[in-house]
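In: my questions concern the predicted model and sequence given below.
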Amino acid sequence: MKALPDPEDRAERAALSERFGTALTETLLMASRDGVHFKRWNEAFLRPGAQRPGTWQYGNQHVAWQIVETRSALPGAAPELSIYGPERYWKGKGGVLRRYTLRMDGFVSASAGWKGGQLLTKPLVFDGTALEINFSTPAPGSLGN
């Protein structure tokens, strides 16, 4: 835990309650199509981000329920999906509410490691003249054979 930000603050909080000084919080994604049956993905959906004071601590990223469609801050840009969560949660008056955003079409993705990989899907039925794939890679990456 000493490698994480704010080691003195962590020690102080751990003296009051070990969990408050040692636990980390990451946001997972849980979704339902019918409101009864849910699926939870056990990998962090929102990571605390860069190590800076007030992050990587207990209670950080206890995000609000629901994802909200919001207007983009960029003129002419498409609407976004927004998620809200606190930072510097245990810091008295210094806490802030952070807005995390996702593209409307960027909610689901697949990724591969440095050595590459493949994505296998059920057969795709397509009736049209053009099919576009929205993808990104690092500088030496590619999409194809």
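Out: Thanks, I have the structure now.

In: can you point me to the longest helix in the protein?
Out: helix 7-16 (DSSP state H).

In: what about the helices in this structure?
Out: Going by DSSP H, the chain shows helices at 7-16, 18-22.

In: let me have these in a markdown table, extended by mean pLDDT.
Out: Listed next are the helices of the chain as a markdown table, based on pLDDT from 0 to 100:
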| stretch | mean pLDDT |
| --- | --- |
| helix 7-16 | 84 |
| helix 18-22 | 82 |
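
In: and the ones you listed: which comes nearest residue 73?
Out: Residue 73 lies closest, by Cβ to Cβ, to one member of the helices of the chain: helix 7-16, at 31.6 Å. C-beta here means a position set from N, CA and C on the backbone, and glycine is covered the same way.

In: and the closest one, what's buried?
Out: 10, 13, 14 (16 or more other Cβ atoms under 10 Å).

In: save the helices of the chain as CSV, and put in distance to residue 95 too.
Out: As requested, the helices of the chain are arranged in CSV below (distance: least, Cβ to Cβ, whole Å):
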stretch, distance to residue 95
helix 7-16, 14
helix 18-22, 15
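
In: and residue 34, which of those helices is closest to it?
Out: helix 18-22 (34.5 Å).

In: any idea how far the closest one is from the chain center?
Out: Helix 18-22 sits 23 Å away from the centroid of its parent chain (Cα atoms, centre = their mean, to the nearest Å).

In: go on, stretch 99-118?
Out: 11 Å.
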